[in-house]
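Peer 1: need coordinates for the following:
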Amino acid sequence: MVNLLPDPTASLRLDRSQREIYTSRQQSERMEDNGGQDIYTLSQGTHLLNEKYFPNKDYAASSNTMKSHSRKADIYSSVYPSIQVRSFSLTKTENRKSDYSFSAVTFEAKSGDLVGIMATSDEQGDDLLRALMNRRGQWGSSLKGAITYNGINVEPRQIAERAVYAGTNLDFNPDMSLKQTMLFQSHLAEPGEASRKSDTKGRIEALISDLGLSNVAATRVAELTRSEKQRLNIACQLLADPDLVLLERPTHNMDIFDTFFLVEYLRQWALRGRIVIITMHPPTFEIYNMLTRVLVLTNGRTIFSGKRKDMIPYFESLDYPCPAQKNPADYYIDLVSLDMTTPEAHVESVQRIEHLASIFTQHQPSLTDLSHPGVLPPKIWTASAPWQVIVLWIRALIFQFPYNLIEALHQVIQNVAMSVLIGVVYFGLNRNQASADDRLGLLYVILAVGIWPMIIHIIQKEYRAKKWLHKDLLDRTYGRGAFLIAKLLCSLPVTLISIGAYIIPVYFMTRLRQDDDFRSFGIFVGMMYLHVFAWRATAKLLVYMLPTPGWTVLPLSILAVLSSQTSGYPVHPNQIWRVFKWFEWISPTQWTFQQLTQQEFNGIDKFNCQKIPVQVGGLPILTSPNCGVETGRDLLSFMNLSRHATLPQDLWMGFVAVGVYDVGMFFLAFLAFFIIRQRPRLTPST
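Peer 2: Below is the predicted model:
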């Protein structure tokens, strides 16, 4: 009897399924099979997979050509699914220098295999999995080699259509529950076989139970522990019930209990006629023994590839036996790691690595001869673009409730508060000459000052969403176009209401021009909507281009200052420095301010003004002088705000100018979203 567990008194959040597997492991016996491989005999009741929803995969039964050939059927059942990778190399180009991420990697895996890839750097193993899934995603990279899937030569694109991949990014949408997250995923990807698609909710419940997540099924994702998020990350991919599963460091930063449980679960998943390939740091001896095959990489070169039971004898044959009481995984990874302690140690380690890599290249065992090619598994069903839009719409409106409602109310209340604040300051302005400058100041504050809490809120919101958006795009959960369309449909009503909450109260509180037919109100509202959309589009363009809020606020502030200073109020248009004068032609604030001032003052035929008597020439004669600015047109002429309105039809020039700006900025924002990776600068869980 061998106790495979550390101190069971360690603090841990365990559920029933985890405790059962730990207890069973403590009661298990280690035995030797015919090839000398350690296997575990588990007592009954320790099966972690739900047999109803995740049955054994039988390729012989799924192939019509094999049903009448018993010998070939036996081969299908014992070998397929099978993947063989030959001379796989990835070259990356950085700073005009090309270097191998990995070179001439050859390995295989078949039905029932749990393959562990251990490398001296995380990047090597992760790059290998991404290359297999056609996700190397770097300009200038070059991929060479051959892949055989079930005896058929395939491209990485074909592997990606039939396998699932889970990375290390755990930035899920925080406003959904764990179960809602899985339900959302199930609407976008399902098993390729019709027989496996039945009862989606049953598969979700089974995975939640099997992976020990029942106690947190209704918990908001933001409140989950890292271990629970890691298991959720895997569960979302296993919903498609694939034959090939690629996992990028699934046990990273897990405690020993959760690691033990998860690797055992993946081992049992593989034993159901599937393949699981994972990258991992050197595991404990007990977890190492759960693997069936091992691939060891260092500096992009293969040091060992083969059955796990053969690794220790292989290194022993090279006079590198594993010391007693030493974990083989730790020992051999240390053996092939660069030693930077001293120059001599570094040279010795480089020579040792080169020697071991060369020996393995010369004596690498040949791959299994698949003389009976099989059939490729069916493609995993993925949602079409229209269906993706619908599912994203459901997520935004239903799955994120009530947090979406709280967010919408927050926007509306914030905008109402700002509008009322401005309205209180400029409350009940008169239409006399003394209030003319105050009205200009009011329009300037509405356009250039009051909107910025709204814009800053948008920037913060977009960067919060950017974290889980980056994960979804990495996982290829949905397309970029579908996301933008769904986002537009879902956010437009709230956006219109929140902008209206800013525009309308201040208009009536400050007694801006009000005609009986509400024509001036319509012009004010229309121009204000266009103006706010202009700055929203500009902010989103910078958000999609830049990685952090700080980088976004800086150029946006520069644009805002230039736009406001060339609007015609802080600085007289005739006094603007020629270097910046051109900016008024592309400034949405200038066009909107000019349009609104014309609408406000053009109809004033005569200002009311208080004529204070003055003496003339020192004589005891008092006279009442004329008002300095007698009409609204005089004011516009003095401020040089009528320079683009010489004709009556030019009243709509502002609408056209700001509208063109809006369309241009939104187009550039969409283009930036499609071209630039939406990756935040730092994500805690990556």
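
Peer 1: helices along the stretch 451-600 of the chain, start to end?
Peer 2: Assigned by DSSP state H, counting those that start in this stretch, the helices in the stretch 451-600 of the chain fall at 452-474, 480-509, 519-545, 549-565, 578-581, 588-601.

Peer 1: any chance of those helices in CSV, with distance to residue 123 too?
Peer 2: Bear in mind the C-beta positions are built from the backbone N, C-alpha and C, glycine included. Converted to CSV, the helices of the stretch 451-600 of the chain look like this (distance: least, Cβ to Cβ, whole Å):
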stretch, distance to residue 123
helix 452-474, 16
helix 480-509, 26
helix 519-545, 26
helix 549-565, 26
helix 578-581, 47
helix 588-601, 45
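
Peer 1: for those helices, which one ends up most surrounded?
Peer 2: For these, the stretch with the most neighbours on average is helix 588-601, a mean of 26; neighbours defined as mean count of other Cβ atoms under 10 Å.

Peer 1: just how off-centre is that one within its chain?
Peer 2: Taking Cα atoms, centre = their mean, to the nearest Å, one finds helix 588-601 lying 40 Å from the centre of the chain it belongs to.

Peer 1: next: stretch 188-208.
Peer 2: 24 Å.

Peer 1: follow-up on the earlier one: please identify which of the helices of the stretch 451-600 of the chain is closest to residue 91.
Peer 2: Comparison of the helices of the stretch 451-600 of the chain against residue 91 by Cβ to Cβ identifies helix 452-474 as nearest, at 22.1 Å.

Peer 1: nearest to residue 332, of the helices of the stretch 451-600 of the chain?
Peer 2: Using Cβ to Cβ, the helices of the stretch 451-600 of the chain put helix 452-474 closest to residue 332, at 31.4 Å.

Peer 1: tell me the mean pLDDT for that closest one?
Peer 2: The pLDDT scores in helix 452-474 average 91.

Peer 1: which strands and helices lie in contact with that helix?
Peer 2: Using 3 or more Cβ pairs under 8 Å, 6 or more residues apart in numbering; DSSP states H and E, the elements in contact with helix 452-474 are helix 403-425, helix 480-509, helix 519-545, helix 549-565.

Peer 1: who wins for proximity to residue 216 among those?
Peer 2: Taking Cβ to Cβ as the criterion, helix 403-425 is the member of those that comes nearest to residue 216, at 17.6 Å.

Peer 1: so how far is residue 547 from the residue positioned nearest the centre of the chain?
Peer 2: In the chain, the centroid-proximal residue (Cα atoms, centre = their mean) is residue 470; its distance is 1.5 Å. Relative to residue 547, residue 470 is positioned 10 Å away (criterion: Cβ to Cβ, to the nearest Å).

Peer 1: same thing with residue 105?
Peer 2: 32 Å.

Peer 1: what does residue 455 give?
Peer 2: Between residue 455 and residue 547 the distance, using Cβ to Cβ, works out to 19 Å.

Peer 1: how about residue 356?
Peer 2: Using Cβ to Cβ, one obtains 40 Å as the distance from residue 356 to residue 547.

Peer 1: ok, now residue 652?
Peer 2: Using Cβ to Cβ, one obtains 40 Å as the distance from residue 652 to residue 547.

Peer 1: can you point out the buried residues in stretch 111-119?
Peer 2: Burial within stretch 111-119, assessed by neighbour count using 16 or more other Cβ atoms under 10 Å, is assigned to 111, 112, 113, 114, 115, 116, 117, 118, 119.

Peer 1: if we can go back for a sec, surely the residue nearest to the centre of the chain meets residue 169?
Peer 2: Yes - assessed by Cβ atoms under 8 Å, residue 470 is found in contact with residue 169 at 7.1 Å.

Peer 1: tell me which stretches of the stretch 301-450 of the chain form strands.
Peer 2: Taking DSSP state E, counting those that start in this stretch as the test, the strands found in the stretch 301-450 of the chain are 301-307, 381-382.

Peer 1: out of these, which gets nearest to residue 190?
Peer 2: The closest approach between residue 190 and any of those, judged by Cβ to Cβ, belongs to strand 381-382 at 4.5 Å.

Peer 1: direction included, what does the closest one pair against?
Peer 2: strand 189-190 (antiparallel) (DSSP bridges).

Peer 1: for the strand it pairs with, the averaged confidence score.
Peer 2: Computed over strand 189-190, the mean pLDDT rounds to 90.

Peer 1: contacts for that strand, please.
Peer 2: With contacts defined as Cβ atoms under 8 Å, 6 or more residues apart in numbering, strand 189-190 is touched by 196, 197, 200, 239, 240, 380, 381, 382, 383, 477.

Peer 1: just the buried ones from these?
Peer 2: In the contacts of strand 189-190, the ones that pass as buried (16+ other Cβ under 10 Å) are 196, 200, 239, 240, 380, 382, 383, 477.

Peer 1: circling back to that earlier point, higher neighbour count, residue 105 and residue 547?
Peer 2: For residue 105 versus residue 547, the count of surrounding residues by other Cβ atoms under 10 Å is larger for residue 105: 24 against 17.

Peer 1: just to be sure, that one is in a strand?
Peer 2: Yes - with DSSP: H, G, I helix; E, B strand; the rest coil as the criterion, residue 105 is located in a strand.

Peer 1: residue 145 reaches residue 84, doesn't it?
Peer 2: No - because the distance of 10.6 Å does not satisfy Cβ under 8 Å, residue 145 is recorded as not touching residue 84.

Peer 1: can you list residues touching both of these two?
Peer 2: Contact criterion Cβ under 8 Å, 6+ apart; residues shared by residue 145 and residue 84: none found.

Peer 1: what about the one helix or strand residue 183 maps to, average pLDDT?
Peer 2: Using DSSP states H and E, residue 183 maps to helix 178-186. Averaged across helix 178-186, the pLDDT comes to 94.

Peer 1: quick check: residue 501 touching residue 410?
Peer 2: No - counting by Cβ under 8 Å, residue 501 sits too far from residue 410 to count as a contact (11.4 Å).

Peer 1: ok, the strand or helix carrying residue 296: who's next to it in the sheet?
Peer 2: Using DSSP H and E, the element containing residue 296 is strand 293-298. Neighbouring strands of strand 293-298 in its sheet, by DSSP bridges, are strand 114-119 (parallel), strand 301-307 (antiparallel).

Peer 1: for the longest one, give the mean pLDDT please.
Peer 2: Average pLDDT, strand 301-307: 92.

Peer 1: now the shortest one
Peer 2: When pLDDT is averaged over strand 114-119, the result is 94.

Peer 1: mind saving the C-alpha coords of the following helix or strand past that strand as CSV?
Peer 2: Proceeding C-terminally, strand 114-119 gives way to helix 122-132 as the next helix or strand, assigned by DSSP H and E. Provided in CSV are the C-alpha atoms of helix 122-132 (Å, rounded to 0.1, in the frame of the first residue of the first chain):
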residue,chain,number,x,y,z
ASP,A,122,6.4,27.7,-20.8
GLU,A,123,6.5,29.3,-24.2
GLN,A,124,7.9,26.2,-25.9
GLY,A,125,5.1,23.8,-24.9
ASP,A,126,2.4,26.5,-25.4
ASP,A,127,3.7,27.3,-28.9
LEU,A,128,3.5,23.6,-29.8
LEU,A,129,-0.1,23.3,-28.8
ARG,A,130,-1.1,26.5,-30.5
ALA,A,131,0.7,25.5,-33.7
LEU,A,132,-1.2,22.2,-33.7
